[in-house]
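A.B. asks: I would like the atomic coordinates for the input below:
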Amino acid sequence: MPVVNRVADLHNDITAWRRDLHAHPELLFDVQRTAGTVAEKLKDFGCDEVVTGLGRTGVVGVIHGRKGSTGKTIGLRADMDALPIEEASDLPYKSTVPGKMHACGHDGHTAMLLGAARYLTETRNFAGTAVVIFQPAEEGGGGGREMVDDGLMDRFGIGEVYGMHNYPGMPLGTFGIRPGRMMAAADALTIDIEGVGAHAARPHFGIDTVLIGAQIINAIQSVVSRNIDPLKSAVVSICMFRAGNADNVIPQTVQLRGTARSLAPDVRDLLEKRLHVLVESTGAAYGAKAKLTYKRGYPVLVNHENQTEFAASVASQIAGQDKVDTSLPPMMGAEDFSYMLNARPGAFIWIGNGDSAGLHHPSYNFSDDAIPFGTSYWVRLVETALPA
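C.D. replies: Numbers count the residues shown, from 1 in each chain. So this is what the prediction gives:
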């Protein structure tokens, strides 16, 4: 069964919604315009209930199917927030907000789920309840956790939950998924080093925090290469080095910041343990104080086996079985849909975005050609899971 005809008819409308969202990006929980637009459209479509302010600024729409419902309820989730990136494009709908852009395609995710909501309220060709979930603060704010903690699953009786994300480099009209561990846990590292400041011409009177920071950066790579089983996955990256204000002063303090990624609980524990020891001992070896603050972030995203098989079968209805990769390798990126999958069984699927710039790149743009496939996936998932 290919793209749904009615969804194809809605393509231009959904594209217009997407481009409006793209032009007005908002960050983290500060998504008032986006959430307001979503809520207004859900009410206009005729959702049976529209709830705002869940998980601070999340929006939920409830759509009941035909009478004779079995009472089963499934949740469909899209994320709404953008990124603090200056857009590098000449698109007619490029960001109108300096320093902010939809560089991860959440504008497309939101628009596709809005399209599905419009179709489902028009047709109601299912027996049960579909709950459309529009989440803030996926990009580091933990909006998924906030919505779960605010009672999302229990309040709406959600039994299963599904998510979707675009994948640059994956051909348009294709999907990718796998059971089990699919995306990594993401933990934040902050390393504070205190030495002794000195004149650059007399380093022997100081304790050089820049040198120590460089040694720590080099040394922590040994944790992955020499402490983690080579058949397991881990990544440690230092992405910020804050030091000094002058070219002739050895700074008293330095701060490093980065991230640690893992796919298994034992690896996550080992990373945290070894990084603490290595940071502190390296600082001490040079006569400085070095402290690691290790903050655990998003957990590993784990797809449930039955729901993954079901999601793959629905995607095959839309794209054809040969265009659904069911053994996609795990990725070291992170996703806070993991909190929803920890609360209820479900599955997270990737949809091809074609030959675009990568996620979080200033030239990235969600492909509007992916809309019919993604929206059709959502509506067929509801109609297949909740047959009328």
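
A.B. asks: First-to-last residue distance for stretch 332-340?
C.D. replies: Length of stretch 332-340, first residue to last, Cα to Cα, to the nearest Å: 19 Å.

A.B. asks: again, but for stretch 240-249
C.D. replies: From start residue to end residue, stretch 240-249 stretches across 20 Å - Cα to Cα.

A.B. asks: residues in contact with that stretch?
C.D. replies: Contact partners of stretch 240-249, identified using Cβ atoms under 8 Å, 6 or more residues apart in numbering, comprise 197-201, 209-210, 213, 217, 250-251, 254-258. The C-beta positions use only the backbone N, C-alpha and C, and glycine is treated the same way.

A.B. asks: Take the residues you listed and keep only those in helices.
C.D. replies: Cross-referencing the contacts of stretch 240-249 against helices under DSSP state H gives 209, 210, 213, 217.

A.B. asks: These into a markdown table, with extra columns for distance to residue 312 and pLDDT?
C.D. replies: Listed next are the ones in helices among the contacts of stretch 240-249 as a markdown table, based on distance: Cβ to Cβ, whole Å; pLDDT from 0 to 100:
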| residue | distance to residue 312 | pLDDT |
| --- | --- | --- |
| 209 | 51 | 98 |
| 210 | 51 | 98 |
| 213 | 46 | 98 |
| 217 | 41 | 98 |
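
A.B. asks: nearest to residue 354, of the residues you listed?
C.D. replies: residue 217 (36.2 Å; Cβ to Cβ).

A.B. asks: So what's the residue count around that closest one?
C.D. replies: By other Cβ atoms under 10 Å, 17 other residues sit near residue 217.

A.B. asks: can you check the one 5 residues further on too?
C.D. replies: Counted with other Cβ under 10 Å, residues neighbouring residue 222 total 12.

A.B. asks: what's it in contact with, if anything?
C.D. replies: Residue 222 neighbours (Cβ under 8 Å, 6+ apart): residue 278.

A.B. asks: Put the alpha carbons of the host helix or strand of it into PDB.
C.D. replies: For residue 222, the host element (DSSP states H and E) is helix 209-227. In PDB, the C-alpha atoms belonging to helix 209-227 read as follows (Å, rounded to 0.1, in the frame of the first residue of the first chain):
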ATOM      1  CA  THR A 209      46.500  24.800  33.300                       C
ATOM      2  CA  VAL A 210      46.500  25.000  29.500                       C
ATOM      3  CA  LEU A 211      49.200  22.300  29.300                       C
ATOM      4  CA  ILE A 212      47.300  20.200  31.900                       C
ATOM      5  CA  GLY A 213      44.100  20.500  29.900                       C
ATOM      6  CA  ALA A 214      45.800  19.400  26.800                       C
ATOM      7  CA  GLN A 215      47.200  16.400  28.600                       C
ATOM      8  CA  ILE A 216      43.800  15.500  30.000                       C
ATOM      9  CA  ILE A 217      42.200  15.700  26.500                       C
ATOM     10  CA  ASN A 218      44.800  13.300  25.200                       C
ATOM     11  CA  ALA A 219      44.700  11.000  28.200                       C
ATOM     12  CA  ILE A 220      41.000  10.500  28.400                       C
ATOM     13  CA  GLN A 221      41.000   8.900  24.900                       C
ATOM     14  CA  SER A 222      42.800   6.000  26.500                       C
ATOM     15  CA  VAL A 223      39.600   5.200  28.500                       C
ATOM     16  CA  VAL A 224      37.900   4.200  25.300                       C
ATOM     17  CA  SER A 225      40.900   2.600  23.600                       C
ATOM     18  CA  ARG A 226      42.300   0.700  26.600                       C
ATOM     19  CA  ASN A 227      39.400   0.300  29.100                       C
END
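
A.B. asks: what's the distance between the very next helix or strand once past it and the middle of its chain?
C.D. replies: Using DSSP H and E, the helix or strand that follows helix 209-227 towards the C-terminus is strand 234-243. From the chain centre to the centre of strand 234-243 is a distance of 20 Å (Cα atoms, centre = their mean, to the nearest Å).
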